[in-house]
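>>> Next come a sequence and a model predicted from it.
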Amino acid sequence: MSANIGMFGTIGEYGETTDATEETQMLCDQVKTAVEEKTGKCVDEFEATKYRPQVVHRNNFLIKVHVGGENYIHLKVFSALPCNDGLIQMVALQQNKTKDDPLEPL
């Protein structure tokens with residue numbers, strides 16, 4: 001049985017989708033090069049629009065990123081705590097997403 005932690009959902013699950021913040025954009029900026037390498041595409045526009053933090057751990061994020069026109073990608077980004085060198089890395093990505101596609105675990 002999983003523990004429930006109120007409005008945030010069940011421990012280990014992702015929280016609700018909310019508007020991206022400056023902090024979310026900073027995470028995206030730090031993985032942009034890895035995204036370009038993985039997709040083989042250079043992107044001029046790379047704007048975080050929505051995100052979902054993983055409940056409790058708060059160091060895994062699902063992020064919807066606008067990459068120009070009607071094109072979006074979904075990222076899973078890991079952000080280590082500062083005491084663990086503050087490593088930030090892209091764990092997974094999904095291409096060919098739209099503005100209305102829900103952020104689901106990758």
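That came in fine, so what should we check first? Residues are numbered from 1 along each chain as shown.
>>> packing partners for the longest strand seen in the chain?
Secondary structure of the chain per DSSP state E: the longest strand is strand 88-97. Applying 3 or more CB pairs under 8 Å, 6 or more residues apart in numbering; DSSP states H and E, one finds that strand 88-97 makes contact with helix 22-39, strand 72-79. Quick note: C-beta positions are derived from backbone N, CA and C, even for glycine.
>>> Residues contacting the longest one, please?
Among residues not part of helix 22-39, those counted as contacts by CB atoms under 8 Å, 6 or more residues apart in numbering are 42-43, 46-48, 51, 61, 63, 65, 73, 75, 77, 79, 88-90, 93, 95.
>>> buried set for that helix?
Across helix 22-39, burial judged by 16 or more other CB atoms under 10 Å covers T24, Q25, L27, C28, Q30, V31, K32, A34, V35.
>>> Can I get these in a markdown table including pLDDT and distance to T17?
Formatted as a markdown table, the buried residues of helix 22-39 follow (pLDDT from 0 to 100; distance: CB to CB, whole Å):
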| residue | pLDDT | distance to T17 |
| --- | --- | --- |
| T24 | 93 | 12 |
| Q25 | 95 | 16 |
| L27 | 92 | 16 |
| C28 | 94 | 16 |
| Q30 | 93 | 21 |
| V31 | 95 | 19 |
| K32 | 95 | 21 |
| A34 | 94 | 23 |
| V35 | 94 | 20 |
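>>> where in this structure is pLDDT low?
1-11, 55-58, 81-86 (pLDDT under 70).
>>> State the distance from the residue nearest to L75 when sequence neighbours are not counted to E47.
Excluding the flanking residues, the one nearest L75 by CB to CB, 6 or more residues apart in numbering is I63, at 4.7 Å. In this view, I63 and E47 are 10 Å apart by CB to CB, to the nearest Å.
>>> Please say which of these two ends up with more neighbours.
Legend: neighbour count by other CB atoms under 10 Å for I63 and E47, higher for I63 (24 against 14).
>>> so what secondary structure elements neighbour the helix or strand harbouring that one?
Element membership for I63 (DSSP states H and E) is strand 60-66. On a contact count with 3+ CB pairs under 8 Å, 6+ apart, strand 60-66 meets helix 22-39, strand 47-53, strand 72-79.
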